[in-house]
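*Asks:* Fold the following for me, if possible:
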Amino acid sequence: MDMDEPSEVISVRHEDGGWVWSISSSDPFQHSMKLLRQSTHAFLTNEEARRDAELALEQLREGH
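*Replies:* Numbers count the residues shown, from 1 in each chain. Model (predicted):
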């Protein structure tokens, strides 16, 4: 794994009520994942959820 690469991972999944997302980060030294952010509501489509997750990841990287 290149240490200069971002280690955040977006996951989108379908649950009761719609599509939800989460952003996690891997820690190669601890061999674990840390939840950084997740959606606060469900979306009607996978595409809407992914778009919202990508915006949240951009904000996270900008320090918001």
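
*Asks:* what ranges do the helices span in this protein?
*Replies:* Residue ranges of the helices in the chain, as given by DSSP state H, are 46-61.

*Asks:* just for it, where's the confidence low?
*Replies:* 1-6 (pLDDT under 70).

*Asks:* hmm, what's the outermost residue in it?
*Replies:* Phe29 (20.4 Å; Cα atoms, centre = their mean).

*Asks:* Report the separation between that residue and Phe43.
*Replies:* Distance of Phe29 to Phe43, computed by Cβ to Cβ, to the nearest Å: 34 Å. Every C-beta, even on glycine, is put in place using the N, C-alpha and C of the backbone.

*Asks:* got the contact list for the residue nearest the centre of the chain?
*Replies:* In the chain, the residue lying closest to the centroid (Cα atoms, centre = their mean) is Ile23, at 2.0 Å. Counting by Cβ atoms under 8 Å, 6 or more residues apart in numbering, Ile23 touches 8-11, 35-38, 53, 56-57, 60.

*Asks:* Isn't Leu60 up against Ser25?
*Replies:* No - judged on Cβ atoms under 8 Å, Leu60 makes no contact with Ser25 at a distance of 9.4 Å.

*Asks:* Show me whatever sits in contact with both of these two.
*Replies:* Contact criterion Cβ under 8 Å, 6+ apart; residues shared by Leu60 and Ser25: 8, 36.

*Asks:* Beta-bridge partners for the residue nearest to the centre of the chain, please?
*Replies:* Ile10, Arg37 (DSSP bridges).

*Asks:* Nothing else from me, thank you.
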